[in-house]
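what follows is a predicted protein model with its sequence.
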Amino acid sequence: MQETVLTILKYTGLIMASVSSMWGITHDFKTKDDKGVHITKEGRLAIFFTILGLLISAGSTYMADRKEHQAVIDKATEKQLEAIEKSAREQREAAKEQQDAIAEARRVSTTLRHRPFEFRVATALSPNGRRPAGWAG
């Protein structure tokens, strides 16, 4: 909607400036008398509408350019935010994995601390189920 209005204003200003310039050229826009040359009412109107048309056109062109520039900035900002969010997500996942690994290590450590240490001679060393000769205990 805003783009349409700016486009209409741009061309309206150019048409207004062109028409008022042609109207000023085709009408008598100055008079001569004893004191010199003076611009008539028609001449002042032609100059006024020419300048007004050019200002409208220039202003609407400037606003359209600003809007386009802002759209580029918004797109770049959005892209940066997406990259930051992706990086933050990856960091959170890595931190979660580290916390899980630490929790697992603590669980194993706690389990080993509370379980009595058992030492048994492997049956492969004593096939008859007795300890080899010379072993104490």
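Arrived safely, thanks for sending.

helices or strands up against the lowest-mean-pLDDT helix or strand in the chain?
Lowest by mean pLDDT, DSSP states H and E among the helices and strands of the chain is strand 30-33, with a mean of 80. If you count contacts as 3 or more CB pairs under 8 Å, 6 or more residues apart in numbering; DSSP states H and E, strand 30-33 packs onto strand 36-39. All C-beta spots, glycine's among them, are computed from the backbone N, C-alpha and C.

pull up the pairing partners for the strand it packs on, direction included.
strand 30-33 (antiparallel) (DSSP bridges).

show me where the protein has helices.
Taking DSSP state H, the helices of the chain run over residues 2-26, 41-114.

which of the ones you listed is buried the deepest?
Greatest average neighbour count among the helices of the chain goes to helix 2-26 (a mean of 15), per mean count of other CB atoms under 10 Å.

quick check: angle from that helix to helix 41-114?
Here helix 2-26 runs at an angle of 160 degrees relative to helix 41-114 (axes from the mean of the first three to the mean of the last three CA atoms, to 10 degrees).

contacts for helix 2-26 next, please.
42-43, 45-61, 63-64, 67 (CB atoms under 8 Å, 6 or more residues apart in numbering).

distance between that helix and the chain's centre?
Computed by CA atoms, centre = their mean, to the nearest Å, the separation of helix 2-26 from the middle of its chain amounts to 35 Å.

hmm, back to that, least reliable of the helices of the chain going by mean pLDDT?
Of all the helices of the chain, helix 2-26 carries the lowest average pLDDT, namely a mean of 84.

quick revisit: distance to K35 for the helices of the chain - can I get that in CSV?
Shown next, in CSV, are the helices of the chain (distance: least, CB to CB, whole Å):
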stretch, distance to K35
helix 2-26, 22
helix 41-114, 16
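
which of those helices sits closest to K32?
helix 41-114 (12.7 Å; CB to CB).

for the closest one, packing partners?
helix 2-26.

and with 10 Å instead?
helix 2-26, strand 30-33, strand 36-39 (3 or more CB pairs under 10 Å, 6 or more residues apart in numbering; DSSP states H and E).

got JSON lines for these, with distance to I102 too?
Formatted as JSON lines, the helices and strands packed on helix 41-114 follow (distance: least, CB to CB, whole Å):
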{"stretch": "helix 2-26", "distance to I102": "55"}
{"stretch": "strand 30-33", "distance to I102": "91"}
{"stretch": "strand 36-39", "distance to I102": "88"}
